[in-house]
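Colleague: return a 3D structure for these sequence lines:
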Amino acid sequence: MMKPYLDSTPVQSDANELRCRLERDGYLALRQIIPAAVLEDLRLKLLAIARDGGWVRKDAPLADGIADLDGFCLEPEPRYMDVYHRMYRLPEFHAVQHHPNLLGVFERMFHEPILPHPRIIGRSIFPRRVEYTTPPHQDFVPIQGTTETFTAWVPLSDITPDLGGLQLCVGSHRGGVYDFRPALGASGMEIVNMPTDDWVGGSMQQGDVLIFHSLTVHKGLPNTSDRIRMSLDTRFQRAREPIAPDSLEPHGKELLTWPEIYADWPSTDLQYYWRKWDLQVKPYDNQYIDRRDALAFEMAEAKDPQARSTLQRIIARDPDPAKRSRASSLLAQLDAQ
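Modeller: Model prediction:
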């Protein structure tokens, strides 16, 4: 039976204890940090866009979020990114990470200026496509910058067992970057050899937040419901520490710019907020992505469908036309199997 998250809500005002738990376990589970009404308002706006994009059934109440499986798609497929970028333009989408309750947790723990990453990521997980369940991975590999970056995972609804949710491997952040290989799912890669089997998980309510270190191994659970599971990945770090340039860009920057995102916002308060700091921008280390891509080519040539998500990312995002061409050819061969 899965061990439950250690609930840190009772000590949320004790900065030293929060910091101790985060350093020891690699995560914090905090209840009712963001008002449920704020998240519900955003969820309904996202569901309206999803319904218009064919992700949600039109013959069911919008608030139920019943998935239209004929509309199944996933990042970075063009039909997914088209709907996702309409969601990404909402100012409410970006405001969540600036909520004083959430930002205050980090400010209490570290007693210094905290930078929420501009690159916030939304996740919309279709049900019953369990092969695309997010495998065990570490956020540092794609984020980089400082290892002392922390993800705050914000589910936009209650997370019941059938919706899946998130599991965390306790203490795994202390082992550095683990070996990985390409895989299906939101992360596009999975840890090869797990350092421990000490996993925690559990149900969550709208307003609860999971905070974890960028090296903490975590994974999704299968969505076996009939609903789309929606959540946000928000990231935080001390403003004085290095940040990778991509973390200052929109998610899906190849197709969407900040001016396009901000075009219809009624207020400029949260626009380009990170420019008030003299940030230490650290060049991206491509060793991990280069290794992932090389492995994906080998796997695809061996007809391994687990290479699919990485090939799709190369096609959508790699600046090298030769790599994109090779990935397109290999993906076509996998599709023809």
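Colleague: so where do the helices sit in the stretch 101-250 of the chain?
Modeller: Taking DSSP state H, counting those that start in this stretch as the test, the helices found in the stretch 101-250 of the chain are 140-143.
Colleague: just the strands in this structure please.
Modeller: Secondary structure of the chain, counting by DSSP state E: strands at 3-4, 27-30, 114-116, 121-125, 150-155, 165-169, 180-182, 189-191, 199-201, 209-213, 218-221, 229-238.
Colleague: minimum distance to Met299: which of these has it?
Modeller: Closest to Met299 of the strands of the chain is strand 180-182 (CB to CB; 6.1 Å). Every residue, glycine included, has its C-beta placed from N, CA and C.
Colleague: picking that back up, turn the strands of the chain into CSV, columns for distance to Gln280 and mean neighbour count.
Modeller: Below are the strands of the chain laid out as CSV (distance: least, CB to CB, whole Å; neighbours: other CB atoms under 10 Å):
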stretch, distance to Gln280, mean neighbour count
strand 3-4, 38, 12
strand 27-30, 26, 24
strand 114-116, 11, 21
strand 121-125, 22, 22
strand 150-155, 17, 24
strand 165-169, 29, 23
strand 180-182, 27, 22
strand 189-191, 27, 23
strand 199-201, 33, 19
strand 209-213, 20, 25
strand 218-221, 27, 22
strand 229-238, 10, 22
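Colleague: so which of those gets nearest Asp293?
Modeller: Nearest of the strands of the chain (CB to CB): strand 180-182, 8.3 Å.
Colleague: about what we covered before: which of the strands of the chain sits closest to Ser309?
Modeller: The nearest among the strands of the chain, by CB to CB, is strand 180-182 at 6.9 Å.
Colleague: which stretches of this structure have low pLDDT?
Modeller: Within the chain, the stretches with pLDDT under 70 are 1.
Colleague: any idea which of the strands of the chain gets closest to His251?
Modeller: strand 121-125 (4.9 Å).
Colleague: show me the contacts for the spatially most central residue of the chain.
Modeller: In the chain, the residue lying closest to the centroid (CA atoms, centre = their mean) is Asp233, at 4.0 Å. Contacts of Asp233 were listed using CB atoms under 8 Å, 6 or more residues apart in numbering, and they are 120-123, 139, 151, 153.
Colleague: so Leu232 makes contact with Val96?
Modeller: Yes: counting by CB atoms under 8 Å, Leu232 does reach Val96; the two are 5.8 Å apart.
Colleague: who touches both of those two?
Modeller: Counting by CB under 8 Å, 6+ apart, the residues touching both Leu232 and Val96 are 120, 154.
Colleague: what's the local residue count around Ile289?
Modeller: 20 (other CB atoms under 10 Å).
Colleague: kindly apply the preceding question to Ala239 instead.
Modeller: As a burial measure, Ala239 scores 18 neighbours (other CB under 10 Å).
Colleague: still on that earlier bit, among the strands of the chain, which is nearest Ile315?
Modeller: strand 180-182 (13.7 Å).
Colleague: just want the angle from the longest helix that the chain contains to strand 121-125.
Modeller: Ranked by residue count, the top helix of the chain under DSSP state H comes out as helix 36-52. Here the directions of helix 36-52 and strand 121-125 differ by 60 degrees (axes from the mean of the first three to the mean of the last three CA atoms, to 10 degrees).
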